[in-house]
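Asks: give me a model of this one.
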Amino acid sequence: MSENIRKERVKFGGNPVSLRGKEIKVGDDAPNFNAVKQDLSQFDFYNDSNGKIKIISVVPSIDTGVCSLQTSKFNDEATKLSDDIEIITISVDLPFAQKRYCGAEGIENIQVVSDHKDLDFGEKYGFVIDEFRLLSRGIVIVDGNNKVKYVQYVDEVTEHPDYDTALEEAKKLV
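Replies: Numbering: from 1, shown residues only. Just a heads-up that it's a prediction; the model follows:
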């Protein structure tokens, strides 16, 4: 059975929610995970981003306002970062919805993948909102050796993460 993060830690619309999975912490080995790409092929975290610094932007659903802004923000920032940094947005949206969204919003500088099938990322990184089967909002930064260097579980899921701190932490790793 996976560990749970304390219920009081994260809120959704002001109400406490339970996060399922093992809480990831700075210094941990980043677990490999599988997700689904927009073309329905498998995304393998270790193989698809081998040796790069990874910013994992975690959102509940790209079809909501804050999630859309978070995804657009990282898409814009990706063009300003070193080629050694890759940005991956992950949600439980179906790959079809992600593809439609990315096409409509011009999201082409980052990878957007789905954890809907197995919640593999959510369970291994402790982001599954048990009450809704959605991912909580946050950011995880992993270095080229797959060590976790930065983690933010956003306290209130309906609010934005700390983009500036995350981007600065990623730049320090280059």
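Asks: can you show me the strands along this protein?
Replies: 4-12, 15-20, 34-36, 42-44, 53-58, 85-91, 111-114, 128-129, 134-135, 138-142, 148-153 (DSSP state E).
Asks: any idea which residue is closest to the centre of the chain?
Replies: V58 (2.5 Å; C-alpha atoms, centre = their mean).
Asks: beta partners of the closest residue to that one other than its chain neighbours?
Replies: Nearest residue to V58 in three dimensions, chain neighbours excluded: G138, at 4.6 Å (C-beta to C-beta, 6 or more residues apart in numbering). (Each C-beta comes from the backbone N, C-alpha and C, glycine too.) Per DSSP bridges, the residues bridged to G138 are V58, Y153.
Asks: and G138, what pLDDT?
Replies: Looking at G138, its pLDDT is 98.
Asks: distance of it relative to P16?
Replies: 16 Å (C-beta to C-beta, to the nearest Å).
Asks: and these two? Which one has more around it.
Replies: G138 (23 against 12; other C-beta atoms under 10 Å).
Asks: ok, now which ones touch that one?
Replies: V58, F127, V151, Q152, Y153, V154, P161 (C-beta atoms under 8 Å, 6 or more residues apart in numbering).
Asks: in this structure, which helix has the most residues?
Replies: When every helix of the chain is counted residue by residue (DSSP state H), the longest turns out to be helix 65-78.
Asks: give the buried residues for that helix.
Replies: Across helix 65-78, burial judged by 16 or more other C-beta atoms under 10 Å covers V66, C67, S68, Q70, T71, K73, F74, N75, E77, A78.
Asks: again with stretch 164-172
Replies: A166, L167, E169, A170.
Asks: go on, stretch 27-42?
Replies: D28, A30, P31, F33, N34, A35, V36, K37, Q38.
Asks: likewise stretch 113-131?
Replies: 113-116, 119-129.
Asks: and those residues, which is closest to Y101?
Replies: Nearest to Y101, judged by C-beta to C-beta, of these is S114 at 11.3 Å.
Asks: give me the number of residues near D48?
Replies: Neighbour tally, D48, other C-beta under 10 Å: 18.
Asks: please consider this matter closed, and thank you.
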